[in-house]
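Novice: Fold the following for me, if possible:
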Amino acid sequence: MVPTPDTILLPFPGPVPGAVPIAAQVVPLTTQEQYQALLCAAAEDHHTVVGPTHIVVKGGQVVGYGSLGAVPMLNVWVHSAHVNKFESVRLLRQAESMLAALGARMVILPVDENSPFRKYVTKLGYKNLGNASYNLKILPAPPVLSPSTPP
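Specialist: Predicted coordinates for the structure are as follows:
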């Protein structure tokens, strides 16, 4: 059997019937001990942990993590010639309040390296997590089951 993405990253701890056995698996983060092991492993590898929901386990050891929708990302743009820095801050605070009202406890704010707003974000309470390339992938829609289709 040729491994496919759904046989390589398992979203739960149990084996999938017919799946190719692999060394590393993705499992839900459920205990404080797992969380502490994750923090130690990430620090050892010089990585930051942000909103973990799942850990990657290999040979009984935590070797990675994933944050599956736990931390909202606020993607914004306002025209620098039409919106001043004070308006930008007010609009950002408004978006933060909206997220907080929805139950968010943190937010990721990507800021382009050429943005005039970049020099203000740390002053507004944001921690720089380093430079990263953000990549978008359109996922296929799940199949729609009709009332007559068995699950």
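Novice: So which bits of the lengthiest helix in the chain are buried?
Specialist: Counting by DSSP state H, the longest helix found in the chain is helix 85-101. For helix 85-101, the neighbour count (16 or more other CB atoms under 10 Å) marks 88, 92, 96 as buried. Glycine gets a C-beta too; all of them are placed from N, C-alpha and C.
Novice: do stretch 67-83 as well
Specialist: For stretch 67-83, by 16+ other CB under 10 Å, it's residue 72.
Novice: cool, and stretch 113-122?
Specialist: Buried residues in stretch 113-122, counted by 16+ other CB under 10 Å: residue 117.
Novice: Return the distance of the longest helix of the chain from the chain's centre.
Specialist: 21 Å (CA atoms, centre = their mean, to the nearest Å).
Novice: Can I get it as CSV, trimmed to CA atoms?
Specialist: This file holds the C-alpha atoms of helix 85-101, laid out as CSV (Å, rounded to 0.1, in the frame of the first residue of the first chain):
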residue,chain,number,x,y,z
LYS,A,85,-1.8,55.1,12.1
PHE,A,86,-4.3,56.2,14.8
GLU,A,87,-7.3,54.8,12.7
SER,A,88,-5.3,51.6,12.1
VAL,A,89,-4.8,51.1,15.8
ARG,A,90,-8.5,51.8,16.5
LEU,A,91,-9.6,49.4,13.8
LEU,A,92,-7.2,46.7,15.1
ARG,A,93,-8.6,47.1,18.6
GLN,A,94,-12.1,46.8,17.2
ALA,A,95,-11.2,43.5,15.5
GLU,A,96,-9.5,42.3,18.7
SER,A,97,-12.6,43.1,20.7
MET,A,98,-14.7,41.1,18.1
LEU,A,99,-12.5,38.1,18.4
ALA,A,100,-12.5,38.3,22.3
ALA,A,101,-16.3,38.4,22.2
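Novice: Cool, thanks, talk later.
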